[in-house]
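In: Just a sequence and a predicted model for now, questions to come.
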Amino acid sequence: TVAYPKRTSKPLYQGLVTQLEALQIPVLDTIPGGDIDADYDYVVDAIFGFSFKGDVRAPFDSILATLAALKSPVASVDIPSGWDVDNGPPGGGTVLNPQTLISLTAPKHCSKDFRGAHYLGGRFVPPKIAEGYSLRLPKYPGVSMHVKITNAE
């Protein structure tokens with residue numbers, strides 16, 4: 001089930017909804033009612049991306065509060081929603097502290113404040129680009145497209 005409360009007319013996002021519907025994955029306008037902890041084994045947080053700035057506004061503030069209160073494990077994609085990409089978790093309001101973080105391409109600066117299981121997905125950064133941005137990316141085992149990392153890496 002995917003909760004998608006504020007749809008856009010952008011073709012990329014319309015195409016993603018079409019794919020979900022073709023796969024018979026329900027797309028809801030709000031988070032599911034009922035007992036999320038009882039009904040779902042795992043929750044993926046992909047509400048905001050690394051370009052998010054400012055305060056969390058409706059309807060996302062209540063969604064974020066619901067996610068933060070769950071007992072079910074939550075995995076955030078790239079950065080936990082509501083966090084600042086450079087400064088980490090917000091100083092006030094609801095703070096989402098997921099159990100798992102899946103960074104894409106490279107860990108973002110805010111991941112230094114993350115304390116759960118941290119994975120890096122994608123091994124597609126060319127060496128020249130990694131060098132140009134002074135990225136210290138971990139070695140991927142074999143042909144794996146992901147690697148578990150720690151804050152020390």
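Out: Nice, thanks for sending it over. Numbering: from 1, shown residues only.
In: mind listing what's buried in stretch 92-104?
Out: For stretch 92-104, the neighbour count (16 or more other C-beta atoms under 10 Å) marks 94, 96-98, 100-104 as buried. Glycine gets a C-beta too; all of them are placed from N, C-alpha and C.
In: Show me which of the residues you listed is closest to residue 11.
Out: Taking C-beta to C-beta as the measure, residue 11 lies nearest residue 104 of the buried residues of stretch 92-104, at 21.5 Å.
In: From residue 77, how far out is the closest one?
Out: 7 Å (C-beta to C-beta, to the nearest Å).
In: Just the C-alphas of the helix or strand hosting residue 16, formatted as PDB.
Out: Using DSSP states H and E, residue 16 sits in helix 11-22. The C-alpha trace of helix 11-22 is given here as PDB (Å, rounded to 0.1, in the frame of the first residue of the first chain):
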ATOM      1  CA  PRO A  11       4.500  12.900 -15.900                       C
ATOM      2  CA  LEU A  12       7.200  11.100 -13.800                       C
ATOM      3  CA  TYR A  13       5.000  10.800 -10.800                       C
ATOM      4  CA  GLN A  14       1.900   9.900 -12.900                       C
ATOM      5  CA  GLY A  15       4.000   7.100 -14.400                       C
ATOM      6  CA  LEU A  16       5.000   5.800 -11.000                       C
ATOM      7  CA  VAL A  17       1.300   5.700 -10.000                       C
ATOM      8  CA  THR A  18       0.500   3.800 -13.200                       C
ATOM      9  CA  GLN A  19       3.100   1.300 -12.400                       C
ATOM     10  CA  LEU A  20       1.800   0.800  -8.900                       C
ATOM     11  CA  GLU A  21      -1.700   0.300 -10.200                       C
ATOM     12  CA  ALA A  22      -0.500  -2.100 -12.800                       C
END
